[in-house]
Structures are given as structure tokens and as C-alpha cells.
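1. Could you look at this predicted model? Sequence included:
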Amino acid sequence: MTTGPLTAGKTPATVITGFLGAGKTTLIRSLLEQAGGRRLALIINEFGDVGIDGEILRACGDPTCSEDDVIELANGCLCCTVADDFVPAIEKLLARPQPPEHIIIETSGLALPKPLVQAFHWPAIKTRVTVDGVVAVVDAAAAAEGRFAPDPAALAAQAAEAGQLDHETPVEEVFEDQLLCADLIVVNKTDLVDAAALAKVEDLIRAAMAEGGMAEGGAGREPKILRASNGKVDPVVLLGVGAGAEDDLANRPSHHDEEEGHDHDDFTSFVVELGPQPDPAALAKTLERVAAAHGVLRLKGFIDVPGKPMRLLVQGVGTRIQTHFDRFWKPDEPRRSRLVVIGETGLDRDAVTAALS
């Protein structure tokens, strides 16, 4: 893998962003499987008290993904905890006897990537690490369903009628900010949509970037759009962009450029403890109903299925629920059933918990 001119002499870092359930962890797992001996280290950040994504990556069984190679920073936003969490995590990796050749940072699905990129200007790491590239992962099926923005034709009609667009819901705003900061946009889960829907998604992405100011604020910088299924992307494409993104912030417009930081008051998360679940199919149906009834954005967790030696991994995006057994329970590991539930502020925790229990 080559090193671009902007990364010479510094350890490159790649920021993987993307909305809840887009497939960031799956993409990173695929990347680890194709590492070819390259020393990679991971910093995983989640919006929630239980670290599901880090645990999924540790369960991959790949020697390039040892316990020491994964630093997990749960229940927060990296760019909001730079001094306390992010910079010390980077310094810890660089201080290792064999420091990583490349650092991969998976943001939470609700994170705004630009403030995190700005953090690479902190004196402790500025001369040692560079942002090789920002990769935004998009769930093609969710985007085709209109979860992030209306159909491009509808946007055009709205603009013609009202003279401006009004689609700044919290979900759409986060989605748009992630696209506007990206060097590469990976349209993932293409196996779940047909050709027409895929074309619609790519039109939506281009419309969102144009409306977000990419044409004006990011003149000359057009992120490349890649298609992927199950997060499989050539690591040569992902690692070695040489963008030096921390020195290119002016070309990465954001809804929050005028703000002193940001928070996640628009979203909430909580953990639901369940008992053993003997019927995974029935559980999936229940999760579908609860997600539909309460507007749940994301569900993920591990489930104890009596009589099964492996734990059940549950992944839900809206009402789309997927389950599979990912690894054996460890001999000294408590067999617990826990789900992280994420939604917009106002999600009725008691009602969701009662419905799941």
C-alpha cells in the first residue's frame, strides 16, 4: 500500500463514519481479513453503554485483531472527549514497541466526523499522525427507503415551489455532515437493492452533498462513490488515500461550522436486559414489531439461546432485523441477553423495555 505525500513521516489514520447500522464494523472486519500482515490498530467509539462493535471485532478470530489492537471508547463522542479519551488513546498506540502502521477509527453512527478530524491538530499528535482519509459508509437499503432524505425529485420540486429546501431533521443532518466530510463514500449493502434503487441512492447522495454546500465550500474536491456488499472493499482503495484531511477542513462544510462544539441531545440510547431466548425467529419478529411501533433507529446486542453453545448476535436497522451465531460463549463468561436500543430523543424507554421483556 502506498503512502501519499501528505502522510509522509506520519502514522496514517483512517476515519470510518456512517449512520447507525450502515455497516462500518463489517467493513472494518473485512479490512482486517485482507490486512496481509500489515499492523493495524482500531479505536472504536459507540453511542451507548455496551460496546457491541468492539466485541464483534474481537470475535473475528483474525490474528491481526488481537485484544491489544482494539481500544474501545464507549458511551460518548470522540470529538467531545478529545483530551480525556481520544488523544491518550492515540498516544498509547504510538508508544507501543511495535506501533501500528495504520490506525482505523470507527466513529459512532451519530458522530459528526469534522470535529474529530479537527482534533488531529492537537499538539500532542499533530506532528505524529495524519488523517489519511475519511470514509463514509451508507446503508443503500435504508437510504432507498428515504430514511435520510426525500427522493431527489421531491427535493427538486420542493426547491422550485418554496425556493429553498427544508429537510433538516436530526437524522438527515448527521447523514449529510458525514457525507460532506468524506474522501470516499462506500454505498454498502448493495445486495439488498435493485439497480434502480441503487441509482436513486447515488443521486440522493450527490443531491445531499450539493445542498450541504459541497459545490460551493468544497470546490475541486469530489468524494469518490464506491459500491460494496457486506462491507467488502479493496484495502488498497481504503488505506493510502493521502488526503491529509486535517489540513483540508475548509473544503469540508458542515451544518455545525458556527457552533462551539456539539452534543447529541437529539438522540438517546439505553440497554435492555432480557432473559434467555429459546426462539431466535420469534425474537426477531418481536424486535420488528417494537422497532416499527416506537420508531427505533438501531438495535444491536448479544442473546443467550438455551441449548446453543454459541451466542446470538442481533443487528437491527429500523425494522430490518438480522441474527446469526457469531462465536462460542467463553467458559467463564456469563450468558447474558442484552440489547442496545437507539432512537431519537423522546423514545419511550419504559414502553420499549416492557414490549421487549
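-> Happy to help now that I have it.
2. where in the stretch 251-357 of the chain is pLDDT low?
-> 256-264 (pLDDT under 70).
3. Let me see the ranges of the helices in it.
-> Counting by DSSP state H, counting those that start in this stretch, the segments of the stretch 251-357 of the chain that form helices are 280-294, 349-356.
4. next SSE after the lowest-mean-pLDDT helix or strand in the chain?
-> One helix or strand of the chain scores below all others by mean pLDDT, DSSP states H and E: helix 214-217, with a mean of 48. Counting by DSSP states H and E, the element after helix 214-217 in chain order, helix or strand, is strand 224-227.
5. after that following strand, next one along is what?
-> Assigned by DSSP H and E, the successor of strand 224-227 is helix 235-238.
6. quick check, distance from the longest strand seen in the chain to the centre of its chain.
-> Counting by DSSP state E, the longest strand found in the chain is strand 129-139. Offset of strand 129-139 from its chain centre (Cα atoms, centre = their mean, to the nearest Å): 10 Å.
7. Then stretch 341-351?
-> Offset of stretch 341-351 from its chain centre (Cα atoms, centre = their mean): 20 Å.
8. which other residues reach that stretch?
-> Contacts to stretch 341-351, defined as Cβ atoms under 8 Å, 6 or more residues apart in numbering, come from residues 20, 47-48, 109-110, 170-171, 265-272, 294-299, 352. Bear in mind the C-beta positions are built from the backbone N, C-alpha and C, glycine included.
9. Next, the distance between the ends of it.
-> Taking Cα to Cα, to the nearest Å, stretch 341-351 runs 12 Å from one end to the other.
10. With the flanking residues excluded, which residue is spatially nearest to Ile225?
-> Ile185 (4.8 Å; Cβ to Cβ, 6 or more residues apart in numbering).
11. Just to be sure, that neighbour is in a strand?
-> Yes - applying DSSP: H, G, I helix; E, B strand; the rest coil, one finds Ile185 inside a strand.
12. what pairs with it across the strands?
-> Beta bridges link Ile185 to Ala136, Ile225 when assigned by DSSP bridges.
13. who touches it in this structure?
-> Val135, Ala136, Val137, Val138, Leu179, Ile205, Pro223, Lys224, Ile225, Leu226.
14. cool, Ala136 as well?
-> Taking Cβ under 8 Å, 6+ apart, we find Ala136 in contact with Thr17, Gly18, Pro113, Gln178, Leu179, Cys181, Ala182, Leu184, Ile185, Val186, Pro223.
15. now do Ile321
-> Residues in contact with Ile321 (Cβ under 8 Å, 6+ apart) are Ala284, Leu287, Glu288, Ala291, Leu299, Val314, Gln315.
16. how close does it sit to Leu283?
-> Going from Ile321 to Leu283 by Cβ to Cβ, to the nearest Å gives 9 Å.
17. Now do the strands in the stretch 51-200 of the chain.
-> Remark: strands assigned in the stretch 51-200 of the chain by DSSP state E, counting those that start in this stretch are 70-73, 102-106, 129-139, 184-188.
18. so which of these gets nearest Met209?
-> Among the strands of the stretch 51-200 of the chain, the nearest to Met209 by Cβ to Cβ is strand 184-188 (8.7 Å).
19. Pull that closest one out as PDB, backbone CA atoms only.
-> Extracted in PDB, the C-alpha atoms of strand 184-188 (Å, rounded to 0.1, in the frame of the first residue of the first chain):
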ATOM      1  CA  LEU A 184     -14.600   8.100  -0.100                       C
ATOM      2  CA  ILE A 185     -18.300   7.200   0.200                       C
ATOM      3  CA  VAL A 186     -19.000   3.500   0.300                       C
ATOM      4  CA  VAL A 187     -22.600   2.600  -0.700                       C
ATOM      5  CA  ASN A 188     -22.900  -0.600   1.300                       C
END
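20. mind checking how far that strand is from the chain centre?
-> Relative to its parent chain, strand 184-188 has a centroid offset of 11 Å by Cα atoms, centre = their mean.
21. Strand 129-139 and that one, what's the angle between them?
-> Angle, strand 184-188 to strand 129-139, by axes from the mean of the first three to the mean of the last three Cα atoms, to 10 degrees: 30 degrees.
22. Show the average pLDDT along strand 184-188.
-> Averaging pLDDT along strand 184-188 gives 96.
23. got it, and stretch 148-157?
-> According to the model, stretch 148-157 has a mean pLDDT of 57.
24. Quick one: neighbours of the nearest residue to Asp265 once chain neighbours are set aside, just the number.
-> Closest residue in space to Asp265, ignoring its immediate chain neighbours: Thr345 at 6.3 Å, by Cβ to Cβ, 6+ apart. For Thr345, the neighbour count with other Cβ atoms under 10 Å is 10.
25. Run through the helices of the stretch 51-200 of the chain in chain order.
-> Along the stretch 51-200 of the chain, the stretches classed as helices by DSSP H, counting those that start in this stretch are 52-58, 87-94, 113-118, 123-126, 140-144, 152-162, 170-180, 195-211.
26. Report all helices and strands that the last one contacts.
-> Think helix 195-211. Helix 195-211 is packed against helix 140-144, helix 152-162, helix 170-180, strand 184-188, strand 224-227, with contacts defined by 3 or more Cβ pairs under 8 Å, 6 or more residues apart in numbering; DSSP states H and E.
27. just to revisit the earlier point, now for Ile321 and Leu283: what residues contact both?
-> Shared contacts of Ile321 and Leu283 (Cβ under 8 Å, 6+ apart): Val314.
28. before we move on, back to that, may I see the helices of the stretch 51-200 of the chain organised as TSV, with mean neighbour count and distance to Leu31 added?
-> Output for the helices of the stretch 51-200 of the chain, formatted as TSV (neighbours: other Cβ atoms under 10 Å; distance: least, Cβ to Cβ, whole Å):
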stretch	mean neighbour count	distance to Leu31
helix 52-58	21	10
helix 87-94	18	17
helix 113-118	24	18
helix 123-126	14	22
helix 140-144	24	19
helix 152-162	13	31
helix 170-180	23	18
helix 195-211	18	22
